[in-house]
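Enquirer: Sequence and predicted structure are below.
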Amino acid sequence: MLWVLGNWYGPSELGKRAVLFICSSSAGTVFSGYLRTAVHKGLNGTNEYEGYQWLFLMTAFFLAPNRHPRLLPHPRRPQ
């Protein structure tokens with residue numbers, strides 16, 4: 001991802017974009033445990049699925065497009 005940022009942004013913007021990307025990645029890691037706990041407790045028993053089954057379904061739903069690269073936009077290098 002940093003390679004893509006390096007190709008798209010100049011030296012004056014690259015530092016800001018890289019810091020934003022790295023900080024948001026770290027924040028996602030910090031809050032994902034709390035989010036998974038809330039999903040497990042809140043959806044446990046809903047529609048006859050246990051909490052861990054909901055977590056599996058949600059993970060599969062969000063990761064499925066990553067299995068097919070043609071479904072995701074591919075940024076090209078600017079000319």
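Expert: In hand now; what should we look at? Numbers count the residues shown, from 1 in each chain.

Enquirer: Show me the shaky parts of the chain.
Expert: For the chain, applying pLDDT under 70 flags the ranges 68-79.

Enquirer: all helices of it, in order?
Expert: Here the chain has its helices, by DSSP state H, at 2-8, 11-43, 51-67.

Enquirer: Need those in TSV (columns: mean neighbour count).
Expert: Backbone N, C-alpha and C define where each C-beta goes, glycine included. As requested, the helices of the chain are exported to TSV (neighbours: other CB atoms under 10 Å):
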stretch	mean neighbour count
helix 2-8	12
helix 11-43	11
helix 51-67	12
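
Enquirer: how about the residue nearest to Glu50 when sequence neighbours are not counted, what does it touch?
Expert: Ranked by CB to CB, 6 or more residues apart in numbering and with sequence neighbours excluded, the top spatial neighbour of Glu50 is Asn44, at 6.1 Å. By CB atoms under 8 Å, 6 or more residues apart in numbering, Asn44 lies in contact with Glu50, Gly51, Trp54.

Enquirer: Let me know the closest of the residues you listed to Ser25.
Expert: Within those, distances to Ser25 taken as CB to CB reach their minimum at Trp54, with 24.5 Å.

Enquirer: Let me see the contact set for the closest residue to the closest one other than its chain neighbours.
Expert: Spatial nearest neighbour of Trp54, excluding adjacent residues (CB to CB, 6+ apart): Leu43 at 4.3 Å. Contacts of Leu43 were listed using CB under 8 Å, 6+ apart, and they are Tyr49, Gly51, Trp54.

Enquirer: With that, I have no additional questions.
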